[in-house]
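>>> sequence plus predicted model, see below.
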Amino acid sequence: MNKLENNLTREITVVNELGLHARPAAKIAELAAKAASNVWLIKNGEKVDASSVIDILSLCGTKGTRLTIQTERSDDKIILKQIVDLFEQGFKEP
């Protein structure tokens, strides 16, 4: 993986107890929709559009699931970081 790709991709783990249910999926989709390029969530080779709640839910991301978040343009690194922050904070769920 070259340096540019590395800057546009992040590996994360779902840490919240309920996993990727509707509320977290909506928060991800809202951020991804603001990106200038496509934002993708990838699980075991399955790549889905991060701006689609339905696509996100189709990944069945339970607690402990490893995902890759990827964007296509360096302009979207801020969006990428915001999505990573959501995951790391457990979507601010108790």
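That came in fine, so what should we check first?
>>> and residue 62, how many neighbours?
Counted with other C-beta atoms under 10 Å, residues neighbouring residue 62 total 13. Every residue, glycine included, has its C-beta placed from N, CA and C.
>>> excluding its backbone neighbours, what's nearest it?
Closest residue to residue 62 apart from its sequence neighbours, by C-beta to C-beta, 6 or more residues apart in numbering: residue 19 at 4.2 Å.
>>> so what's the gap between stretch 32-46 and the chain middle?
7 Å (C-alpha atoms, centre = their mean, to the nearest Å).
>>> start to end distance for that stretch?
17 Å (C-alpha to C-alpha, to the nearest Å).
>>> list the neighbours of it that are in contact with it.
28, 31, 47-51, 55-56, 59, 61, 65-73, 75-76, 79-80, 83 (C-beta atoms under 8 Å, 6 or more residues apart in numbering).
>>> please repeat the previous calculation with a cut-off of 7 Å.
Residues from elsewhere that reach stretch 32-46 (C-beta atoms under 7 Å, 6 or more residues apart in numbering): 47-51, 56, 59, 61, 65, 67-73, 75-76, 79, 83.
>>> just the element for residue 78, please.
Using DSSP states H and E, the element containing residue 78 is helix 77-88.
>>> now that helix: average pLDDT?
The average pLDDT within helix 77-88 is 97.
>>> measure stretch 53-70 end to end?
Taking C-alpha to C-alpha, stretch 53-70 runs 16 Å from one end to the other.
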